[in-house]
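K.L.:
Kindly generate the corresponding structure for this input.
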Amino acid sequence: MWRELIATGFYLGRFRYAPGTIGTLLGVPLVYVLVHKWWLTVTVGLFLYWLAVWSASYMVELTGEKDPEEVVVDEVVGYFLSFLFVEPTLKAMLVGFFTFRVIDIVKPYPVRLFERLPGGHGVVADDAVAGLINALLLYFLLG
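P.N.:
Below you'll find the predicted structure:
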């Protein structure tokens with residue numbers, strides 16, 4: 001039960017339309033509260049990655065799908081990692097939200113490669129890499 005609750009972002013991932021975008025919204029308060037120092041962002045980001053893989057692995061087994069649509073915790077991880085190099089101002093959070101969603105949807109090289117990983121890592125790693133690419137983009141745009 002807990003793994004499903006975490007993986008689906010407290011069931012926000014069950015929304016019919018744009019579950020990934022809705023799930024990404026869960027990352028907004030986390031970024032606002034927890035992103036203040038780079039080392040804290042890395043530490044929390046690693047913990048979130050582990051938690052996301054743990055819960056997404058359960059959902060992969062439960063549904064039999066490689067990347068279940070209702071799993072949105074991976075979007076939370078990606079959005080969170082987007083703020084590795086920039087302060088989470090309102091402007092940065094809005095720009096970061098938009099750019100992360102575009103990167104996550106388009107999946108430019110090398111993001112798509114990470115979907116090939118097995119189990120929960122395949123669900124989460126592509127979004128984590130998208131978040132790191134977004135972190136560099138935000139740094140160059142706003143840093």
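
K.L.:
okay but Val71 is in contact with Asp126, surely?
P.N.:
No - assessed by CB atoms under 8 Å, Val71 is found out of contact with Asp126, at 12.0 Å. In this view, the C-beta of every residue, glycine as well, is placed from N, C-alpha and C.

K.L.:
okay, those two: which has more neighbours?
P.N.:
The residue with more neighbours, out of Val71 and Asp126 and counting by other CB atoms under 10 Å, is Val71; that gives 30 against 24.

K.L.:
For stretch 14-23, measure first residue to last.
P.N.:
One end of stretch 14-23 to the other measures 10 Å (CA to CA, to the nearest Å).

K.L.:
Show me what counts as buried in that stretch.
P.N.:
Across stretch 14-23, burial judged by 16 or more other CB atoms under 10 Å covers Phe15, Pro19, Gly20, Thr21, Ile22, Gly23.

K.L.:
Quick check, pLDDT for the last one.
P.N.:
Listed pLDDT for Gly23 reads 90.

K.L.:
Would you enumerate the residues in contact with it?
P.N.:
Contacts were defined as CB atoms under 8 Å, 6 or more residues apart in numbering; by that measure Gly23 touches Gly9, Leu12, Gly13, Val72, Val73, Glu75, Val76.

K.L.:
Under a three-state scheme, what state does it occupy?
P.N.:
When classified by DSSP: H, G, I helix; E, B strand; the rest coil, Gly23 comes out as helix.

K.L.:
quick one: low-confidence ranges for the protein?
P.N.:
Within the chain, the set of residues satisfying pLDDT under 70 is empty.

K.L.:
Mind doing that once more with 80?
P.N.:
Applying pLDDT under 80 to the chain flags residues 143.

K.L.:
residues near the closest residue to Leu138 other than its chain neighbours, how many?
P.N.:
Nearest residue to Leu138, sequence neighbours excluded (CB to CB, 6 or more residues apart in numbering): Val86, at 4.8 Å. Per other CB under 10 Å, the neighbour tally for Val86 reads 22.
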